[in-house]
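Q: Let me see the structure of the following:
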Amino acid sequence: MKTKRVLTIVKMEMLRLLRDPVVLVFTVLLVPVLILIFGLTMGSNYGWSSEYTIFEIMLPGFLAYACLMTIYDVAASVAGERASGIQQRVNTTPLTSVEYILSQLISYTIKPLIQMFLGFGVALLVGYRPLATAAGYLLVIVFLVLLTFSSVGFGLITAQFAKSAGAAGGLAFIFIVPQQLFATFIPPAFIGADSFKWIFPSFYATEGLGYIFAGVSLTDSYIWMLLGILLAISAVIYIVGILVYEKNKNK
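A: Got it, this is the predicted structure:
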């Protein structure tokens, strides 16, 4: 495996992010804007808790939602490359499948982290003050990276059922919307969906972030249980996505 080839693909993906306004809005700007709106309108509303505002309760879910948008990005990108013939040309180059997949994984991990830092910065500007420690913030990144892995897997799976980037982007919401509704910034209990939250990887990330931001000690076994389950689910989804991609990449 040659690092230079991997980094070249990563650079191309980052440039695509800047050139494509749809990708830029959905994968970078959407969540920070939502955080700004909700922070300004609900930052002083204690309707769900006597200790935390609605905004504080929803923020972990917004950061998880940022990772879910990776599904859209991956699906549209892979389907678009296949439809335009780029994938076929890539298959004739020295670039290996491992190098290509690794470059995509790095790219789609960087984007949600950029969105996370932007979103968290906006949250601080509108008055959010988490109780997390320095180690807690590092663990937040781990949670979000793992959720991104599952999103990459879902995106690769989605791309195999679409003939164009537009169609893939639309199909991606089959995986995005249920997780958004049942396990991100809309608390499952609020809509009576507690029975469904356990099947969504976004729930484990959102729940873990919520505990960390609330200042719960990192020695709490529940946080690590959430991380372990998220790791297992994300690994399975990611592996399935890779297998599906490999099976269909030459079609």
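Q: For this protein, which residues score under the pLDDT cut-off?
A: When residues are selected by pLDDT under 70, those of the chain lie in 1, 17, 26, 86-88, 90-92, 94-95, 97, 187-194, 249-251.
Q: what about the closest residue to Leu59 other than its chain neighbours, distance to Phe149?
A: Residue nearest to Leu59 in three dimensions, not counting chain neighbours: Ala123, with 5.8 Å by CB to CB, 6 or more residues apart in numbering. Yep, even glycine has a C-beta here, placed from its N, CA and C like the rest. As judged by CB to CB, to the nearest Å, Ala123 and Phe149 stand 24 Å apart.
Q: what ranges do the strands span in the stretch 101-250 of the chain?
A: Counting by DSSP state E, counting those that start in this stretch, the stretch 101-250 of the chain has no strands to list.
Q: And the helices in it, which stretches?
A: 134-159, 165-183, 201-213, 221-248 (DSSP state H, counting those that start in this stretch).
Q: which one of those helices is the most hemmed in?
A: Neighbour counts averaged per stretch over the helices of the stretch 101-250 of the chain are highest for helix 201-213, at a mean of 26; criterion: mean count of other CB atoms under 10 Å.
Q: roughly how far is that helix from the heart of the chain?
A: Put simply, helix 201-213 sits 13 Å off its chain's centre (CA atoms, centre = their mean, to the nearest Å).
Q: so that helix versus helix 165-183, what angle?
A: Angle, helix 201-213 to helix 165-183, by axes from the mean of the first three to the mean of the last three CA atoms, to 10 degrees: 50 degrees.
Q: Which strands and helices lie in contact with helix 201-213?
A: Other helices and strands packing on helix 201-213, by 3 or more CB pairs under 8 Å, 6 or more residues apart in numbering; DSSP states H and E, are helix 54-84, helix 134-159, helix 165-183, helix 221-248.
Q: Leu113: which of these is closest?
A: With CB to CB as the measure, helix 134-159 is the member of the helices and strands packed on helix 201-213 nearest Leu113 (6.9 Å).
Q: and the angle for the closest one with helix 54-84?
A: Helix 134-159 and helix 54-84 are oriented at 40 degrees to each other (the same axes, to 10 degrees).
Q: Please report how far the residue nearest the centre of the chain lies from Asn45.
A: Centroid-nearest residue in the chain: Cys67, 1.3 Å away (criterion: CA atoms, centre = their mean). With distances taken as CB to CB, Cys67 is found 26 Å from Asn45.
Q: Could you do Gly228 as well?
A: 34 Å.
Q: again with Tyr100
A: Taken as CB to CB, the span from Tyr100 to Asn45 is 47 Å.
Q: More neighbours: the two, which one.
A: Between Tyr100 and Asn45, counted using other CB atoms under 10 Å, the more crowded position is Tyr100 (20 against 11).
Q: any idea which helix or strand carries the more buried one?
A: helix 97-125 (DSSP states H and E).
Q: can you give me the angle that helix makes with helix 221-248?
A: Going by the same axes, to 10 degrees, helix 97-125 makes 140 degrees with helix 221-248.
Q: Give the other helices and strands that helix 97-125 contacts.
A: Secondary-structure packing of helix 97-125 (3+ CB pairs under 8 Å, 6+ apart): helix 3-19, helix 30-42, helix 54-84, helix 134-159, helix 221-248.
Q: In contact with the residue nearest to the centre of the chain, which residues?
A: Pro112, Leu144, Leu147, Thr148, Ser151, Ser202, Ala205 (CB atoms under 8 Å, 6 or more residues apart in numbering).
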